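# no FASTA, just this:
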């Protein structure tokens with residue numbers, strides 16, 4: 001499937017879809033949407049009935065409870081909110097729905113998020129390269145497994161600049177994402193500590209390694225997963241609190 005610019009619809013009709021596909025350059029957002037559209041939906045892969053998923057989610061929730069400040073009264077945005085799973089979890093952790101916002105480039109994800117979140121949560125289609133929020137208007141900006149899907153360095157840097165712009169001094173980016181490449185997934189590029197620091201220069205950083213490598217965890221029973229989680233030698237993600245000075 002190819003994604004085209006709306007203003008070129010008439011030209012597309014004249015040229016034909018196949019010719020247009022090779023003539024129009026895709027934006028990075030378009031490329032990411034294409035990747036998602038081509039993926040076969042496999043809900044069971046992310047079911048909490050799977051030990052690898054259950055223990056990964058529980059480990060991350062425990063780490064977040066320790067890392068986050070009290071959420072009451074704080075204005076919060078999630079960039080790449082998907083279907084709203086983490087927005088729902090933030091409400092459980094004390095965030096007020098009226099202070100929560102989420103954006104995603106996928107209309108289908110935003111539709112499902114709106115169906116499952118309280119109506120006062122502001123979720124809408126949006127691009128992290130151009131956040132529709134005022135300068136220094138937010139306390140926390142979350143990005144969970146979003147930026148590693150952005151392969152274009154300029155787009156990734158622009159998204160980080162936008163996060164910096166909307167945070168007030170003392171506010172934080174809450175980061176959870178892959179630190180290493182996945183050899184089985186060419187559409188993800190890991191982001192390590194050095195690049196995180198380059199994306200948010202002059203900030204204060206707190207890093208914690210989490211999440212047993214998924215290809216390994218999927219093959220293990222619950223007891224072995226918990227044992228390897230405790231060892232922290234095969235973790236693949238960083239949870240980071242990145243605070244604006």
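Cool, got the structure. Given the structure is predicted, the values throughout are model-derived calculations rather than measurements.

# contacts, neighbours, all on C-alpha from now
Fine.

# Could you list the low-confidence segments of the chain?
The model of the chain has pLDDT under 70 over residues 1-25, 39-43.

# Who are the packing partners of the lengthiest helix in it?
Among the segments of the chain that qualify as a helix by DSSP state H, the longest is helix 51-67. If you count contacts as 3 or more CA pairs under 8 Å, 6 or more residues apart in numbering; DSSP states H and E, helix 51-67 packs onto strand 204-212, helix 222-231.

# For the shortest one, name the packing helices and strands.
Just to be clear, that refers to strand 204-212. Using 3+ CA pairs under 8 Å, 6+ apart: strand 204-212 touches helix 51-67, helix 222-231, strand 235-243.

# can we see that at 6 Å?
strand 235-243 (3 or more CA pairs under 6 Å, 6 or more residues apart in numbering; DSSP states H and E).

# quick one: the strand it packs on to helix 51-67, angle?
20 degrees (axes from the mean of the first three to the mean of the last three CA atoms, to 10 degrees).

# Enumerate every residue touching residue 63.
Contacts for residue 63 (CA atoms under 6 Å, 6 or more residues apart in numbering) come out as none.

# Nearest to residue 64, out of the helices and strands packed on helix 51-67?
Nearest of the helices and strands packed on helix 51-67 to residue 64, taken as CA to CA: strand 204-212 at 10.5 Å.

# how about the helix or strand just after that closest one: buried residues?
As assigned by DSSP states H and E, the chain's next helix or strand after strand 204-212 is helix 214-217. Neighbour-count burial for helix 214-217, counted by 16 or more other CA atoms under 10 Å, picks out residue 217.

# what would the helices and strands packed on helix 51-67 look like in a markdown table with distance to residue 68?
Converted to a markdown table, those look like this (distance: least, CA to CA, whole Å):
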| stretch | distance to residue 68 |
| --- | --- |
| strand 204-212 | 11 |
| helix 222-231 | 21 |
